[in-house]
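> Provided below for reference: sequence and predicted model.
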Amino acid sequence: MYRLDLRRLILLLTIAATLLTLLNSFHASYRTLYRQLIAQTLEANRAYAAKLAHSTDNFLKAAQQQLAYSATLLPELFDRPEQLDAEVARLKGQTGTFNGVFIVRTDGRVLATAPNSLGLAGSVLKTQEMLAALRARQPRISAPYAGVRGYLLVFLSQPISTRDGRYLGYVGGAIHLGKHDGSLQALLGNHYYQDGSQLYVVDANRHLLHHQDPSQIGEIVNGNPAVEAVLRGEEGSRQLLDSQRTDMLAGYAPVASTGWGVVAQRPSTATLAALDDLMLEILFDVLLFFVPLLVAIWWLSKLIARPLQQLAITARHWEFSSAQEQIRHVHSWYFEAEQLKLAMLNGLALLHGKLGRLNQENITDPLTGLVNRRGQQFALKRWQEQQQPFAVIALDIDHFKQVNDNHGHDVGDQVLQHVSHLMDSVSRSSDLVCRSGGEEFVLLLPETSLEAATQVAERLRGLISHTQAPTGAFVTISAGVAHWPGSASSVPTVLKLADEALYRAKRNGRNRVVVTGQQEIGSEDAPLD
Ligand SMILES: Nc1nc2c(ncn2[C@@H]2O[C@H](COP(=O)(O)OP(=O)(O)OP(=O)(O)O)[C@@H](O)[C@H]2O)c(=O)[nH]1
């Protein structure tokens with residue numbers, strides 16, 4: 001099963017924590033900037049609407065003021081038609097405020113008009129607005145309405161009275177709405193953007209007086225909360241769905257003198273498009289910082305994990321004597337790793353001490369002090385793993401049963417010890433002298449050829465047969481010699497071959513050495529007792 005190692009775990013946790021922090025701050029920045037942008041746009045639109053409402057109000061007052069000034073001059077000129085013509089021409093031409101100027105008598109007859117092209121001079125006007133202006137006898141701004149030529153206009157009028165209060169009629173000026181030649185249109189301008197921003201003016205009856213799309217002028221705006229608010233006389237801003245169901249950031253302000261409302265609105269999406277660009281820029285900047293941070297984290301996690309990793313790997317091969325040395329070489333550069341290393345070294349020292357003692361007891365023959373069969377097997381296994389060539393001498397004391405029978409078991413034991421010492425004396429330190437069981441022994445000779453091993457066996461056989469045994473007489477041995485991998489590729493087969501050679505030596509009369517695959521090479525009869 002796949003298990004995360006410490007370094008990956010640290011790296012993963014740190015990256016996860018960093019990413020979460022990053023996401024969190026990114027989200028928080030987004031929310032803050034989002035709110036700021038919305039608030040800023042709402043406030044900008046409110047200020048813009050208020051400025052235009054104020055300008056419209058001032059513009060209408062100034063227009064009214066022009067008419068009022070003229071009205072003070074007109075009573076003196078009333079019976080001088082040329083002067084009246086000159087006055088309407090001045091009113092029309094001086095500021096360009098009015099698209100048409102009229103002087104109307106109390107009976108509705110038009111005394112003068114500008115421009116002349118209107119062709120209304122001398123006629124009696126009985127339109128609703130003209131009559132309303134006559135009846136008002138005070139300064140008046142009409143509701144927007146369609147004039148005789150079908151243009152939407154607003155009509156401003158100022159009563160004309162003599163000094164003694166006699167009412168003579170009025171002087172009035174028409175201002176086109178929603179037409180390029182309208183002075184109010186010029187004032188409000190044609191400020192609209194490609195991004196769907198809008199600026200429009202509504203009258204008290206929700207009719208559009210000004211809009212970037214002239215075809216909409218005169219239409220009624222319903223279901224727009226900004227329009228509802230501004231017609232209640234409120235100034236402010238709000239996020240809303242307009243009549244086209246578009247999410248808008250709207251600012252609005254009323255025109256005090258007329259009860260109209262100015263609304264400036266911008267689609268939320270247009271405002272937030274800038275935010276997306278900004279967030280992308282922030283993300284890029286953050287990544288510039290994050291990538292080196294990630295590399296630093298990776299490097300640091302490697303540094304922290306390395307000693308623990310090395311200790312862990314060594315712990316997997318605890319039983320090897322090299323483990324202690326490997327642990328000693330681990331660079332434990334911080335406190336916890338150092339403590340762990342010391343604990344492992346102590347534990348290992350204790351363990352190896354105990355194991356060493358146990359092992360020694362386990363593989364030693366108590367009677368002779370030689371390596372027992374288990375130790376022999378262990379050594380053979382290791383040599384095979386290490387591909388260590390060796391020779392085998394299997395040997396057996398001849399007629400040992402008679403020794404026991406004639407001298408007792410204890411003397412038999414002493415004879416076994418005696419043979420062991422002699423075996424020890426002919427072997428090198430790298431050789432392994434084993435008592436494989438009973439009165440059977442095995443001599444394992446690493447890095448020794450079959451011939452050299454045969455010579456050792458022969459020397460040993462001669463030595464034993466000429467050295468006095470604890471019985472007071474001499475014992476002899478028979479021996480079989482084989483080689484790994486010279487005699488066979490399998491170690492058990494080589495041992496078997498050595499045994500077979502030994503039994504051939506026995507069969508052929510004992511006290512001799514037989515090399516596997518060869519004729520016996522040594523025989524010498526020696527008395528047993
Ligand atoms: N004293 C003593 N005798 C042992 C020990 N282990 C085995 N023996 C004896 O060794 C003798 C082996 O006898 P056998 O297997 O008949 O062989 P042998 O008498 O040596 O005859 P060959 O091997 O044919 O020459 C037996 O009598 C065992 O009791 C031991 O640890 N001490």
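Arrived safely, thanks for sending. Numbers count the residues shown, from 1 in each chain.
> List the residues that contact residue 124.
Shown in contact with residue 124 (Cβ atoms under 8 Å, 6 or more residues apart in numbering): 107, 108, 109, 110. The C-beta positions use only the backbone N, C-alpha and C, and glycine is treated the same way.
> 10 Å instead, please
104, 105, 107, 108, 109, 110, 130 (Cβ atoms under 10 Å, 6 or more residues apart in numbering).
> So the first one lies in a helix, does it not?
It stands for residue 104. No. According to DSSP: H, G, I helix; E, B strand; the rest coil, residue 104 belongs to no helix; its state is strand.
> returning to what we had before: ranking the contacts of residue 124 by neighbours, who comes first?
Tallying neighbours with other Cβ atoms under 10 Å puts residue 104 at the head of the contacts of residue 124, with 25 neighbours.
> What about the closest residue to residue 362 other than its chain neighbours, how many residues nearby?
Closest residue to residue 362 apart from its sequence neighbours, by Cβ to Cβ, 6 or more residues apart in numbering: residue 374 at 6.3 Å. Residue 374 is flanked by 14 other residues according to other Cβ under 10 Å.
> Tell me who's in contact with residue 374.
359, 362, 363, 364, 365, 434.
> Identify the residue spatially nearest to the residue in the chain positioned nearest to the ligand, adjacent ones excluded.
The chain approaches the ligand most closely through residue 412 (2.5 Å), counting by Cβ to the nearest ligand atom. Excluding the flanking residues, the one nearest residue 412 by Cβ to Cβ, 6+ apart is residue 404, at 4.1 Å.
> pretty sure the one you found contacts residue 475?
No. Here residue 404 lies out of contact with residue 475, judged by Cβ atoms under 10 Å, at a distance of 11.9 Å.
> In terms of neighbours, single out the busier of those two.
Neighbours per residue, other Cβ under 10 Å: of residue 404 and residue 475, the larger number sits with residue 475, 27 against 15.
> Any figure for the gap between that one and residue 417?
12 Å (Cβ to Cβ, to the nearest Å).
> For the residue nearest to residue 412, give me phi and psi.
Per-residue torsions, residue 404: phi -60, psi -40 (degrees, to the nearest 10).
> How about the residues of this protein by the ligand?
Within the chain, the positions adjacent to the ligand are 367, 396-401, 404, 409, 412-413, 416, 438-439, 506, 510 by Cβ under 6 Å from any ligand atom.
> Can you tell me which of these lies closest to residue 516?
Nearest to residue 516 among those is residue 506, at 14.5 Å by Cβ to Cβ.
> which residues touch the closest one?
Contacts for residue 506 (Cβ under 10 Å, 6+ apart) come out as 396, 398, 399, 478, 480, 512, 514.
> Secondary structure element holding it?
helix 491-507 (DSSP states H and E).
> can you pull the buried residues of that helix?
491, 494, 495, 496, 497, 498, 499, 501, 502, 504, 505, 506 (16 or more other Cβ atoms under 10 Å).
> Tell me, what's the model's pLDDT at the fourth one?
Right, the one you point to is residue 496. What the model reports as pLDDT for residue 496 is 96.
> can you pull the contacts of it?
394, 480, 482, 487, 488, 490, 516.
> Torsion angles phi and psi at the second one?
What it means is residue 480. Torsion angles, degrees, to the nearest 10, at residue 480: phi -120, psi 140.
> Find the residue closest to it in space, skipping its chain neighbours.
In space, and not counting its chain neighbours, residue 480 is closest to residue 501: 2.8 Å by Cβ to Cβ, 6+ apart.
> Surely residue 85 and residue 110 touch.
No. In this structure, residue 85 is not within contact of residue 110 by Cβ under 10 Å, at 11.6 Å.
> and for the two, which residues touch both?
103, 121.
> thinking again about what came up before, pull the number of nearby residues for the residue of the chain closest to the ligand.
Counted with other Cβ under 10 Å, the neighbours of residue 412 add up to 20.
> any idea what it is structurally, helix, strand or coil?
Per three-state DSSP, residue 412 ends up helix.
> could you point out where the chain is predicted with low confidence?
Within the chain, the stretches with pLDDT under 70 are 1-4, 178-180, 190-194, 316-322, 354-359, 519-529.
> All the helices of the chain, in order from the start?
Assigned helices in the chain, in chain order: 6-77, 81-95, 128-136, 183-188, 225-231, 268-316, 322-329, 335-362, 373-385, 400-407, 409-426, 450-465, 491-507 (criterion: DSSP state H).
> most packed of the ones you listed?
The highest mean neighbour count among the helices of the chain, using mean count of other Cβ atoms under 10 Å, belongs to helix 225-231: a mean of 21.
> Show me what the nearest residue to residue 99 once chain neighbours are set aside is bridged to.
Nearest residue to residue 99 in three dimensions, chain neighbours excluded: residue 176, at 4.6 Å (Cβ to Cβ, 6+ apart). Beta-bridge pairing of residue 176 under DSSP bridges involves residue 153.
> Contacts only, for residue 176.
Here residue 176 is in contact with 98-100, 147, 149, 151-154, 182-185 (criterion: Cβ under 10 Å, 6+ apart).
> quick one: it and residue 153, what's the gap?
5 Å.
> how does the protein divide into domains?
Domain ranges of the chain: 1-276, 277-356, 363-523, per automatic domain parsing.
> Tell me the span between the first and last residue of stretch 435-444.
11 Å (Cα to Cα, to the nearest Å).
> again, but for stretch 177-187
End-to-end for stretch 177-187, by Cα to Cα: 11 Å.
> how close does residue 148 get to residue 407?
159 Å.
> now residue 465
The value you get for residue 465 to residue 407, if Cβ to Cβ is used, is 18 Å.
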